[in-house]
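Asker: Here is my input, please return the structure:
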Amino acid sequence: ILALFSRYDISRTGSVDYHEFVDKLMEHDFSNIASTATGSKLNEMVSGAFGARRSSLGIVDMHNSDDDSDVDEEELLEMKRGEVKKIFWMIDKDKSGFIDREEMELLLLALGKTLTAEEIDEGLASIDVDGSGHVDFEEFFEWYNKKS
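Answerer: Predicted coordinates:
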């Protein structure tokens, strides 16, 4: 238990405040997704949207034109929508239904992207179609779907 506690006590004060706890959880969640095929794809897409150098990581294509299965385009889109929704909710740490600048910045850091505030704002604005200052699921899905 002490080892677990010390993992979350970032400031080493003998207590864990809410922000330290959330920061450590987010670091853990994002590092887990970053090491998956989905994380690789997200890394590639974020690199494109936020003006960072593109990595050499591959993108997983959810639609194989040689596939002879009985899955039609509508079913494929719904399956993709479900997968993208999982990613969205992983990024939306406060479960507000929006990805805000802070959450996007945490994702970028977890993916190893060190960007200026201006680059982050520009990238977020390219995804935030309605100009609300945050990204809702539909905006995220459209961006994700367009990039894949």
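
Asker: quick one: E102 and D94, what's the gap?
Answerer: 9 Å (CB to CB, to the nearest Å). To be clear about C-beta, it is placed using only N, CA and C from the backbone, and glycine gets the same treatment.

Asker: Kindly report the same for A110.
Answerer: For A110 relative to D94 (CB to CB), the value is 16 Å.

Asker: In this protein, where's the longest helix?
Answerer: helix 73-91 (DSSP state H).

Asker: which SS state does the residue nearest to W89 when sequence neighbours are not counted fall under?
Answerer: Among residues not flanking W89 along the chain, K95 sits closest, at 7.3 Å (CB to CB, 6 or more residues apart in numbering). Following DSSP: H, G, I helix; E, B strand; the rest coil, the label given to K95 is coil.

Asker: Compute the number of surrounding residues for K95.
Answerer: For K95, the count of nearby residues is 7 (other CB atoms under 10 Å).

Asker: Does it touch E103 like I think?
Answerer: No - look at K95 against E103 with CB atoms under 8 Å: they stay out of range, at 10.6 Å.

Asker: end to end, how far does stretch 116-136 reach?
Answerer: Across stretch 116-136, the terminal residues are separated by 23 Å (CA to CA, to the nearest Å).

Asker: Show me which positions of that stretch end up buried.
Answerer: For stretch 116-136, burial by neighbour count (16 or more other CB atoms under 10 Å) applies to I120, D121, G123, L124, I127, D128, H134, V135, D136.
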